[in-house]
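Engineer: Show me the folded form of this:
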Amino acid sequence: MNAEQFNALPLEARRYIENETACLSCGKSNNLDLLYQKYLKMKNDNLFTLRIGAVNFFNEKTNESGILYPILPKDTDAEIKEKLKLALKINKANPEMFTTINEVEIAKILKTKNEVSND
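Structural biologist: Residues are numbered from 1 along each chain as shown. Here you go, the predicted model:
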């Protein structure tokens, strides 16, 4: 990542990376790409937390079914989008399945991903 790419990141991401690189004597890697990936993982981990490892979902009205797993670092954007959609559906029917869920941030992410995919 070069300076131009770093400056194009959202303020929250730049602050996170700057805080992680502030300690030059602690021996941490200062690879900006790695730190940005760490930031994205932290953001994804904070979108929702399941009470148990995975949740089965079945909607009798639409015959939709699925299993919601936590977001993993290896998940593609499409997989993350599907997990977020499913999380919102499950939360609407069974909010007790989540320890935490950030509906506002999830809606923003889904809206952003939809705008990008429509272009």
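Engineer: Domains of the chain: list them as residue ranges, please.
Structural biologist: Domain segmentation of the chain under automatic domain parsing yields 1-45, 47-119.
Engineer: Out of these, which gets the lowest mean score?
Structural biologist: Mean pLDDT is lowest for domain 1-45 among these, at a mean of 78.
Engineer: Okay, helices next: where are they in the protein?
Structural biologist: All helices of the chain, identified by DSSP state H, fall at 3-8, 11-21, 32-45, 77-93, 103-118.
Engineer: which other residues reach the third one?
Structural biologist: Going back to what we said before, that points to helix 32-45. With contact meaning Cβ atoms under 8 Å, 6 or more residues apart in numbering, helix 32-45 is reached by 1, 6, 9, 13, 16-17, 20-21, 29, 70-71, 73, 80. Any C-beta I mention is one placed from the backbone N, CA and C, and that applies to glycine too.
Engineer: Tell me the buried residues in that helix?
Structural biologist: Neighbour-count burial for helix 32-45 flags 32, 35-36, 38-39, 43-44 (criterion: 16 or more other Cβ atoms under 10 Å).
Engineer: Only C-alpha atoms, please: export stretch 76-90 in CSV.
Structural biologist: The C-alpha coordinates for stretch 76-90 follow below in CSV (Å, rounded to 0.1, in the frame of the first residue of the first chain):
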residue,chain,number,x,y,z
THR,A,76,-15.5,-13.7,-0.2
ASP,A,77,-17.6,-10.5,-0.5
ALA,A,78,-20.5,-12.5,-1.8
GLU,A,79,-20.3,-14.9,1.1
ILE,A,80,-20.2,-12.0,3.6
LYS,A,81,-23.1,-10.3,1.9
GLU,A,82,-25.2,-13.6,2.2
LYS,A,83,-24.3,-14.0,5.8
LEU,A,84,-25.3,-10.4,6.6
LYS,A,85,-28.6,-10.8,4.8
LEU,A,86,-29.3,-14.0,6.7
ALA,A,87,-28.2,-12.4,10.0
LEU,A,88,-30.8,-9.7,9.5
LYS,A,89,-33.5,-12.2,8.7
ILE,A,90,-32.7,-14.3,11.8
